[in-house]
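Q: Pasting the sequence and the predicted model now:
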Amino acid sequence: MSTRRRPTIARRLLTMAVTLPLMAAVAVVNRPIVVFAAERFHEFSINRPSYKQQYGHWSVLDVPAKFRINAVHAALLRTGKVLIVAGSGNNRDAFEAGTFRTVLWDPRTDAFKDVPTPTDLFCGGHTFLPNGNLLVAGGTKSYEVLEADITSAAGVMKIKNESPDHGPRTFPKGTRLLGANGRAYLTRAEVTVPAAAKMSHGGHTMVHAGETEVWVDAADAGDAGTVTQPAQYAIEGLTGADTRNLYGIADKITREKQEYGGDRTSYEFDPIAERYVRTGDMVEHRWYPTLSTMPNGDVLAVSGLDEFGRMLPGVNERYKVAQRRWVAAPELQRVFPTYPALFLTRDERLFFSGSNAGYGSDTEGRTPGLWDVTKNRFQTVPGLEDPQMTETSASVMLPPAQDQKVMILGGGGVGDSPVSTARTAIADLDEKEPRYRPGPDLPAPTRYLNTVVLPDDTVFTSGGSSGYRGGPYQGKTRSDLLTAHLYDPRREVFHQAAAPGVGRNYHSEALLLPDGRVVTMGSDPIYDGTGKNPGTFEQRIEIYSPPYLFQGERPAIGGGPRTVKRGRSAAYATADADRITGARLVRPSAVTHGTDVDQRSIELGVRRTPGGVTVTVPNEPGLLPSGWYMLFLTDGEGLPSPARWVRVA
Ligand SMILES: [Cu+2]
C-alpha cells in the first residue's frame, strides 16, 4: 500500500482555480435554492433554545384585518389591555371622512375591540392620571396643505370687536372681508367675537377689543389675493357704527404651505368602561404636545402647534385633575420644540432631555435642562454632543429610577434633515450641576429608536432608521434598521438582541407588557421600497420575548394588597420567597413619536418572609407619582415574575 502523496501547492492552486468558479456557477444557477437554504438555516438558528436564551425571540401578532390600524399612539392600561390609537392615522381620506380609530388589544387572549373615537386624536398628547385613567388631549383639527396644492391665497384673520355694548357677535362661515386692494376673502368657519371689555385703571376707563381668529381664503384664484403686509379688512354687509367697531386684521395672506392644525378637545379614557369621557377643553389648541405628570397628580401640557398650524409661543397649561378642567399657566411661559421629552425628577423638577419630535425653532428652546415649575427657572444641563441632533432622538429614565439617570439616544437634524447621529449620552440628575457625559455609541446613526425599560433593569432598544422617516441615507433607498439591543445601564454596554422582522421609523412605538414581553407597532415611511412612491403605514404588530422568558421557571406573585402607600410596606405571598432578591414598580407606558415620559422602573426594598416578601415603597412623589404600576418580583438570576397591578397612593 503506497501512501498518497500530498499534492503540490501549484497543483492545489490549480484545483482551486477550477473548483471555485464551478461552485460559483452552481450557486448562481441554483440561487433560489441557496437563498432558500440560507433562510431555512436562519429560521432554524433563531428558533434554537440556546439562541432564544441569549438573544430573545420575535413573532408577528396575528391581527384580524378589521382591527389593523395605523398605530400612532399606544398605552398600557391597568386592566392589562393595550390602547392603540390612530385617530385619522395620518390618512387624509380618513380625516375628511371623519373616520377616527382606536382599538383595544388584550395581550392575554389576543382579543381585539373597536373603541368609538369622537374626534381626531392623531398627534395629541397623553399621560396616566392617579386613578388609572389615561388623559388624552389635543390632536388634529386640520391636515396640512402643501404649497403645490394651494390654488389661492389664504391666511389667519383676526376679527376685532371694539364695541363693549352689543355682546358677542357671530359671523357665519363664508363671511366676506374686503381688502384695500378691492379683493374679497371668505372665512372658513363660523366665528364668534366677544364684546370689547371695559376696564378701569384709576379713574380712566380702557376698552380692550374682543378678538378671535379664523382662516380666510381669497375669493380669487392664483396670486391675485396675496398680501404680504399687515392690513385691515372690512366685513361686508355691516352698517352704521358696526363698520367702525368690527373689522379684520391679517399679517399676511399668501400661498405658503399650511401646517397641520391642532385640536383642543380633551378626554379621560376610562379603562374599566373602555370609553373616552370628555373633560373640559384645553385653553389652547395643541398638535404634538407633551403631557407631563406633576407630583400632585395634575398634568402640564407643553408645546404644540395651534389650530392654524403655528408654533405655540411658549404657552403652557395645567390640568386640574380633581376638577377635570384645563387652566392657563401664564406663569410657566417657556418655549420647547414639539413633543419635548420631560421627565419628572425626584426633586420635583421637569428634566428636558433635549429629545423632541417634529416642529419648533431650530435655535430657541432646544437646550436640555432642569425646569423648576414652581418658580419657572431653568438650569441648563450642558455637555451634550451633537446638540443640533436632538429631534427624533429617544430619551429614557434608566432603571432603577432611584439612580436619576436619563439617557438620550441618537436623533437627527431639525426637520427633514438628512443627517443623524449614533451618539448616546447620560445625565446624572442627582449631581448638583448635572451635565451630559458620553455613553456608548449606537451601532448606527439612528432616529426614531424605540426604548423600553424592562423589569430586569435593562433597556430594550429596537428599530429606528438612519434617514428621515426610513428614507434615503448615504446612497441607500431605505434606511430602516432591523436591529435590537439590550442596554445594560450598570456596565454601560449594548448587547445584541434578536433582530426584528419589521422596520419601525416615524409614528412607531414600543411598550412593555405585564407578562414581560414587548410589543412594537406603527411606522410611517416617507417612501416605498423603490424610493419613488409614497410609503404606506406599517400595520403589522411584532412582539419581542426577551431572554428572561427562556431561562426556566419564573418566580410568581400570589396574593397581596391592591393599593400601597408611599413610604409604607406591603406584604405579598409568593411560593418563590427563598429566591426573590428584588422588586420593581414599573409605570406603564403611554407612548407616541418616540416620546414616553411615563415609563420608569422604581426599585423597592425587599425583605423575605416565610411564604412571601415584604416590599417597602419609596416616599418621594417625584420619584414615584401616584397611579397604577406593574409590580415585578425578580430572582437572583434577574428573572422577573409576571406583573401584578398595584395602585400607588
Ligand atoms: Cu405625528
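A: Right, received. Where do you want to start? Residues are numbered from 1 along each chain as shown.
Q: all helices for the stretch 301-450 of the chain, in order.
A: For the stretch 301-450 of the chain, applying DSSP state H, counting those that start in this stretch gives no helices.
Q: now the stretch 501-649 of the chain
A: Under DSSP H, counting those that start in this stretch, the stretch 501-649 of the chain gives no helices.
Q: got any ranges where it has weak pLDDT?
A: Scanning the stretch 501-649 of the chain for pLDDT under 70 picks out nothing.
Q: first to last residue in stretch 348-355, what's the distance?
A: For stretch 348-355, the first-to-last residue distance is 20 Å (C-alpha to C-alpha, to the nearest Å).
Q: shouldn't Asp251 be in contact with Gln232?
A: No. Asp251 is beyond contact range of Gln232, at 11.5 Å (criterion: C-beta atoms under 8 Å). From N, CA and C alone the C-beta is placed, and that goes for glycine too.
Q: How many neighbouring residues does Phe41 have?
A: For Phe41, the count of nearby residues is 10 (other C-beta atoms under 10 Å).
Q: Can you point out the buried residues in the host helix or strand of it?
A: Here Phe41 is covered by helix 31-46, with elements defined by DSSP states H and E. Residues Ile46 are the ones in helix 31-46 that count as buried (16 or more other C-beta atoms under 10 Å).
Q: mind starting the numbering at 33 from now?
A: Yep, numbering from 33; the last one is helix 63-78 now.
Q: just checking, next helix/strand downstream of that helix?
A: helix 81-87.
Q: What is the distance between the helix holding Phe73 and the centre of its chain?
A: Computed by C-alpha atoms, centre = their mean, to the nearest Å, the chain-centroid distance of helix 63-78 equals 37 Å.
Q: Determine the set of other helices and strands touching that helix.
A: Packing partners of helix 63-78 (3 or more C-beta pairs under 8 Å, 6 or more residues apart in numbering; DSSP states H and E): helix 81-87.
Q: Correct me if wrong: Thr207 contacts Tyr217.
A: No. Judged on C-beta under 8 Å, Thr207 makes no contact with Tyr217 at a distance of 9.3 Å.
Q: and Arg310, what are its bridge partners?
A: Tyr299 (DSSP bridges).
Q: That one against Ser298, yeah?
A: Yes. Counting by C-beta under 8 Å, Arg310 does reach Ser298; the two are 7.3 Å apart.
Q: Show me which of the two is the more surrounded one.
A: More crowded of Arg310 and Ser298, by other C-beta under 10 Å: Ser298, with 27 against 12.
Q: Could you tell me the backbone phi and psi angles at the closest residue to that one other than its chain neighbours?
A: Distances taken as C-beta to C-beta, 6 or more residues apart in numbering put Ala169 closest to Ser298, at 3.9 Å, once the chain neighbours are dropped. Phi and psi for Ala169, reported as degrees, to the nearest 10, are phi -140, psi 150.
Q: in the stretch 333-482 of the chain, which segments are predicted with low confidence?
A: Within the stretch 333-482 of the chain, not a single segment meets pLDDT under 70.
Q: in it, which spans are strands?
A: With strands called from DSSP state E, counting those that start in this stretch, the stretch 333-482 of the chain shows them at 349-352, 357-360, 374-376, 382-384, 401-404, 409-412, 426-429, 437-441, 456-460, 468-470, 482-485.
Q: Using CSV, write down the CA coordinates of the fifth one.
A: So the one you mean is strand 401-404. Provided in CSV are the C-alpha atoms of strand 401-404 (Å, rounded to 0.1, in the frame of the first residue of the first chain):
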residue,chain,number,x,y,z
GLY,A,401,-32.1,71.4,31.3
LEU,A,402,-34.0,71.1,34.6
TRP,A,403,-37.2,73.2,34.7
ASP,A,404,-38.4,74.2,38.1
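Q: for it, packing partners?
A: In terms of contacts (3+ C-beta pairs under 8 Å, 6+ apart), strand 401-404 is packed against strand 382-384, strand 409-412.
Q: Next, count neighbours for the closest residue to Thr490 other than its chain neighbours.
A: In this structure, Thr490 finds its nearest non-sequential neighbour in Leu518, 4.8 Å apart by C-beta to C-beta, 6+ apart. As a burial measure, Leu518 scores 21 neighbours (other C-beta under 10 Å).
Q: Quick check: Leu518 is in a helix.
A: No. Counting by DSSP: H, G, I helix; E, B strand; the rest coil, Leu518 falls outside a helix, being strand.
Q: Thr207 and Tyr217: which has the busier surroundings?
A: Neighbours around Thr207 and Tyr217, counted as other C-beta under 10 Å, are more numerous at Tyr217. The numbers are 27 against 22.
Q: host element of the closest residue to the more buried one other than its chain neighbours?
A: Spatially, and ignoring its direct neighbours in sequence, Tyr217 is nearest to Val248 (4.0 Å; C-beta to C-beta, 6+ apart). Per DSSP H and E: Val248 is located in strand 242-250.
Q: where do the strands sit along the stretch 533-681 of the chain?
A: 540-544, 550-554, 574-577, 595-596, 601-605, 612-619, 622-624, 632-641, 644-648, 659-667, 676-680.
Q: What's the local residue count around the closest residue to Asp610 other than its chain neighbours?
A: For Asp610, ignoring the flanking residues on the chain, the nearest one in space by C-beta to C-beta, 6+ apart is Arg640 at 7.0 Å. When counting by other C-beta under 10 Å, one arrives at 15 neighbours for Arg640.
Q: wouldn't Arg640 be in contact with Arg611 here?
A: No. Here Arg640 lies out of contact with Arg611, judged by C-beta under 8 Å, at a distance of 9.2 Å.
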